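# Below: sequence and its predicted model.
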Number of protein chains: 2
Amino acid sequence: MEKQMIAELKRLVGASYVMDQLEDRICYSFDATFRDFPPDVVVKPGSVDEIVAIVKLAVQYNVPVTARGAATGLSGGSVPVKGGISLVLTRLNKIIEIDTANRVAVVETGVITENFVNAVSQTGLFYPPDPASAKTSTIGGNIAECAGGPRGVKYGITRDYVLGLEVVLPDGSVVELGNKFDGEMAGPDWTMLLVGSEGTLGIVTKIYLKLVDKPAAKQTLLAIFSSLDDAAHTVSEMIASGTIPTTLEIMDNLTIRAVEDYLKVGLPVSAEAILLIEVDGSAAAIAKQAEHVMKVCRECGATEIKAASTPEDIDKLWQARRAISPACGKINPTKISEDATVPRSQIPSMVRRLREIAKKYDLKMVIFGHAGDGNLHPNILSNKHDHAEMERVEQAVEELFKAALDLGGTLSGEHGIGYMKAPFLKWETGETGFAAGQKLKQVMDQHGLLNPGKLFNA
Amino acid sequence: MEKQMIAELKRLVGASYVMDQLEDRICYSFDATFRDFPPDVVVKPGSVDEIVAIVKLAVQYNVPVTARGAATGLSGGSVPVKGGISLVLTRLNKIIEIDTANRVAVVETGVITENFVNAVSQTGLFYPPDPASAKTSTIGGNIAECAGGPRGVKYGITRDYVLGLEVVLPDGSVVELGNKFDGEMAGPDWTMLLVGSEGTLGIVTKIYLKLVDKPAAKQTLLAIFSSLDDAAHTVSEMIASGTIPTTLEIMDNLTIRAVEDYLKVGLPVSAEAILLIEVDGSAAAIAKQAEHVMKVCRECGATEIKAASTPEDIDKLWQARRAISPACGKINPTKISEDATVPRSQIPSMVRRLREIAKKYDLKMVIFGHAGDGNLHPNILSNKHDHAEMERVEQAVEELFKAALDLGGTLSGEHGIGYMKAPFLKWETGETGFAAGQKLKQVMDQHGLLNPGKLFNA
């Protein structure tokens, strides 16, 4: 990277917010996936005007710009695979407004998800998306990858809450997309083109988010199964029976043992599978719903059902769910986390296919995830320094994507595409869809400088 | 139009589905707005392959193609302002699948909204969007304009139910956009670019729609006010108090009198305004919600509240609501129906502005609409042959749009942009947004043949 450009960047945002030493570049070279791509320079702008100036400078010097928040991503979306500028947006972290009358919040892109969720909660309203990374991930990052979370089953994922966006386009112009308020609709809505676009079409700087009623009460149930198939079957039966719980999480035996080993919360380590089910709503409604949930679980072969109703007990169960990633990380150093998603009715078939794939390639695979919306998280636990094993992992991952698409599913439920799934995107979009995506990318980003190597410019 | 092209169209879809006589062309020259633009030829394809062939032929002969369903639109979106082919999609009217296990329906574009709603209802599920035109409008048309309806307050509008689309692009290629199932997310979602795009970016042929639980019970309330301001204030208070009813409709005195005159259902003709409020859910939940609704209404000055609980009484009230358009049509021959939408908290201000505008330009204006989501329908009742009056109407409409945008609102809540609002779109998008829209339109539709004269090619 030209010295002149670094100097200009320092002039634009202040020397302390521009870092080009190797140790800095390494710190910004990775996310929660397993490969490292150091940027040439790390820049932390403090305003939209600064972002505009940086983007224009990048065009002038023909240097890639890859935006990122906390880089907790699981597909490599924010990693600068072609080097250039890592544009760190965490300084834009103001919650601008929580408008309770219109149930809309306006936030800057770098606001940490959990901080926002808590601020909304204090007003008596509710922002449902709850990615496992919420403590550190940013709202802008949630949008770049269209993050989900356990509550997706009932409440939908990030895109269902994005009303409008302020975006810096690749030529440095600033546009407002979509709507500021719910219920508006004037012409085609560009907003959803940006949601999940991993910063390839523009850099999101401000976000209008929809808020909903906070449920009055909730109850959490733990259903224990002596067969993984039975647990999977319960999921599809539950949805088909007309009950959509708030969350409907599955954990297989390997996951249960990993978490219990890590956390010691009393999970049933001999169970082949558990379902973690939460219902929310008015006190009267949830009692009835919980009863129905238990009935379906029993009919589908649950051997035991535990109900947690105190906040402490509920929290313990969710602690276990949130601990899956670190717990698995303790077993093996490299964790390849997938989120291929299938129609909810296909959950039993997908679980069977996953176990066959793990067996075929002799790999340690844990199966868990938001089964209620078809979004399973098969995680392959391996060691990136074992090259023979990593080759088998690659083959298994390909087969896993094929299985999901075969069953009418998709490559991603909530992790995005990133560098990891970019080579497979065409399988999902088809040739025509991919060509249309390339055309759009070329028009919006003529010089191909926004996060190159991702999505339609991979 | 060249004879040769007509002959080729007849060969493609069969002579009986191609009409170029003046009387046919006139029949397809209008929607529910007040100007007529006859196409050169009316074509009714019977399959996606035929649509592809027609689009390719249109490119060859450089002739515009404007897709339409039942043409019940209120902004002129489906009217062929530049002539060419009126592509009538009503023969593609199959409900392909209602997948209750995954809560997804797949329909062809020409399915009539009410037929679909009823078919879904028979499976025990629910498709909430309920435009007043549901008896005749098509799902494809609902998508082209992003139709809404009274239930939008609680359930959202058409876009909230569109998971994926099959689309014929302007070059005749066919793509599948978005997802077939809820909870999927792989890369940017193009679907929403097509929703509300009025057939300017592609022709939607197949639609994947999300279905939800059918509410167990509902109750309808009629609150009577001696002041329109009080009724408007009730709307914003209701939302702010944390209660989102299923519907929250407002009708001013002129509307009430027009409907009562037309229908004789016993509406309170001396009331300055009424609110028509429906709540739905479990029986226990709605009793509580109805109580709260009544409390807010009383606190905000309702002089009387009537509760309809028998299906007949509920139906009577909704008959009155649905009769507004024909009833107003009886008063004056030309009805200019707007749907400028404001944040819900601004409903009282918008109502005041509307009354000032009507007075300033000496126009007869009825005010009604889905106040609960900020989507008011001021209708100006006039006579298109009175040129002096129509000039005042035009000025009033401009001022009305400005008022909505001033208050943080939008040109359209559910009617789309069409030829009527196209001249004002830039006020909402801004120059940069409009330029981006033009660029996108040019890339996707190089020859500018899909519904020219609308949106970004107006």
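Structure's in. What do you need?

# Name the spans of the stretch 151-300 of chain A whose pLDDT lies under the cut-off.
For the stretch 151-300 of chain A, the stretches with pLDDT under 70 are A:181-187.

# at 90 what do you get?
A:175-193, A:216-218, A:236, A:239-244, A:263-266, A:281-288 (pLDDT under 90).

# which residues of it fall in helices?
Using DSSP state H, counting those that start in this stretch, the helices of the stretch 151-300 of chain A run over A:152-155, A:191-194, A:228-240, A:253-263, A:283-299.

# check contacts around A:S86.
Residues near A:S86 by C-beta atoms under 8 Å, 6 or more residues apart in numbering or on different chains: A:R25, A:Y28, A:P39, A:V41, A:V42, A:V43, A:T66, A:R68, A:P80. Heads up, the C-betas are built off the backbone N, CA and C, glycines and all.

# again, 10 Å this time
For A:S86, the contact set (C-beta atoms under 10 Å, 6 or more residues apart in numbering or on different chains) comprises A:19, A:24-25, A:27-29, A:37-44, A:64-68, A:71, A:78-80.

# May I have the phi/psi pair for it?
phi -90, psi 110 (degrees, to the nearest 10).

# Strands along the stretch 251-400 of chain A, start to end?
In the stretch 251-400 of chain A, the strands defined using DSSP state E, counting those that start in this stretch lie at A:273-281, A:302-308, A:334-337, A:364-370, A:375-382.

# Helix, strand, or coil at the nearest residue to A:A71 once chain neighbours are set aside?
Closest residue to A:A71 apart from its sequence neighbours, by C-beta to C-beta, 6 or more residues apart in numbering or on different chains: A:D31 at 4.2 Å. Following DSSP: H, G, I helix; E, B strand; the rest coil, the label given to A:D31 is coil.

# Next, the contact list for A:D31, please.
The neighbourhood of A:D31, defined by C-beta under 10 Å, 6+ apart, consists of A:37, A:68, A:70-79, A:141, A:145, A:418-419.

# Next step: the residues you listed restricted to helices.
With DSSP state H as the criterion, helices contain A:G141, A:E145, A:G418, A:Y419 from among the contacts of A:D31.

# most neighbours, which of these?
When neighbours are taken as other C-beta atoms under 10 Å in any protein chain shown, the top entry among the ones in helices among the contacts of A:D31 is A:G141 (33 neighbours).

# Which residue, other than its chain neighbours, is closest to A:K288?
Excluding the flanking residues, the one nearest A:K288 by C-beta to C-beta, 6+ apart is B:S282, at 7.6 Å.

# count of residues packed around that neighbour?
Residues lying near B:S282 (other C-beta under 10 Å) number 17.

# And stretch A:87-107, end to end?
Stretch A:87-107 has an end-to-end distance of 18 Å (C-alpha to C-alpha, to the nearest Å).

# again with stretch A:104-120
By C-alpha to C-alpha, the extent of stretch A:104-120 from end to end equals 10 Å.

# Could you do stretch A:450-458 as well?
First residue to last in stretch A:450-458 (C-alpha to C-alpha) measures 12 Å.

# Kindly report the same for stretch A:69-85.
Terminal residues of stretch A:69-85 are spaced 13 Å apart (C-alpha to C-alpha).

# where's A:A217 relative to B:H447, distance?
58 Å (C-beta to C-beta, to the nearest Å).

# how does chain A divide into domains?
For chain A, automatic domain parsing gives the domain ranges A:3-90, A:95-213, A:217-406.

# Return the most buried member of those.
Ranked by mean neighbour count, those are led by domain A:95-213 with a mean of 23 (mean count of other C-beta atoms under 10 Å in any protein chain shown).

# Now do that domain: distance to the chain's middle.
Centroid separation for domain A:95-213 versus its chain: 13 Å, with C-alpha atoms, centre = their mean, to the nearest Å.

# Name whatever forms a beta bridge with the residue lying closest to A:I207 once chain neighbours are set aside.
The spatially closest residue to A:I207, leaving aside those adjacent along the chain, is A:V107, at 5.3 Å (C-beta to C-beta, 6+ apart). When bridges are called by DSSP bridges, A:V107 pairs up with A:I95, A:I207.

# quick one, what contacts A:V107?
A:92-98, A:113, A:115-116, A:119-120, A:127, A:138-140, A:206-209.

# Distance of it relative to chain B?
A:V107 is 17 Å from chain B, where distance means C-beta to the nearest C-beta, to the nearest Å.

# Likewise for A:S78?
15 Å.

# likewise A:K426?
11 Å.

# Assign a three-state SS to that residue, would you?
helix.

# Sketch out the low-pLDDT regions of the stretch 301-450 of chain A for me.
Scanning the stretch 301-450 of chain A for pLDDT under 90 picks out the ranges A:308-326, A:328-340, A:344-345, A:372-374, A:384, A:408, A:412-414, A:428-440, A:442-444.

# Ramachandran angles for A:P268?
Here is the backbone geometry of A:P268 (degrees, to the nearest 10): phi -80, psi 90.

# Please name the residues that touch it.
So A:P268 contacts A:L222, A:I224, A:F225, A:S226, A:N253, A:I256, A:E260, A:I274, A:T303, A:E304, A:K306 (C-beta under 10 Å, 6+ apart).

# Going by distance to B:T341, which of the residues you listed wins?
A:L222 (44.9 Å; C-beta to C-beta).

# so where's the stretch 1-150 of chain A shaky on pLDDT?
The low-confidence ranges in the stretch 1-150 of chain A, as defined by pLDDT under 90, are A:1-2, A:33-34, A:101-102, A:132.

# hmm, back to that, contacting residues for the residue nearest to A:K288?
A:G281, A:S282, A:A284, A:A285, A:K288, A:Q289, B:P215, B:A216, B:A217, B:K288.

# contacting residues for the residue lying closest to A:G301 once chain neighbours are set aside?
Excluding the flanking residues, the one nearest A:G301 by C-beta to C-beta, 6+ apart is A:D230, at 3.8 Å. Counting by C-beta under 10 Å, 6+ apart, A:D230 makes contact with A:A223, A:E237, A:E272, A:A273, A:L275, A:C297, A:C300, A:G301, A:A302, A:T303, A:P348.

# Tell me the one of these nearest B:V174?
The closest of these, once distances to B:V174 are taken by C-beta to C-beta, is A:P348, at 32.3 Å.

# Just put the strands of the stretch 251-400 of chain A in CSV and tack on distance to chain B.
Listed next are the strands of the stretch 251-400 of chain A as CSV, based on distance: least, C-beta to the nearest C-beta, whole Å:
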stretch, distance to chain B
strand A:273-281, 8
strand A:302-308, 20
strand A:334-337, 15
strand A:364-370, 8
strand A:375-382, 6
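
# Turn those into JSON lines, including distance to B:A53.
Below are the strands of the stretch 251-400 of chain A laid out as JSON lines (distance: least, C-beta to C-beta, whole Å):
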{"stretch": "strand A:273-281", "distance to B:A53": "51"}
{"stretch": "strand A:302-308", "distance to B:A53": "55"}
{"stretch": "strand A:334-337", "distance to B:A53": "46"}
{"stretch": "strand A:364-370", "distance to B:A53": "43"}
{"stretch": "strand A:375-382", "distance to B:A53": "39"}
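
# Out of those, which is closest to B:R151?
strand A:273-281 (19.5 Å).

# you'd agree A:A358 is up against A:I367?
Yes - between A:A358 and A:I367 a contact is recorded at 8.5 Å, counting by C-beta atoms under 10 Å.

# so what sits against both of the two?
Contact criterion C-beta under 10 Å, 6+ apart; residues shared by A:A358 and A:I367: A:L254, A:P378.

# residue nearest the centroid of chain A?
Nearest to the geometric centre of chain A sits A:A147, at 3.2 Å (C-alpha atoms, centre = their mean).

# did I read that right, that one in a helix?
No - using three-state DSSP, the assignment for A:A147 is coil, not a helix.

# quick one, phi/psi of it?
phi -70, psi 160.
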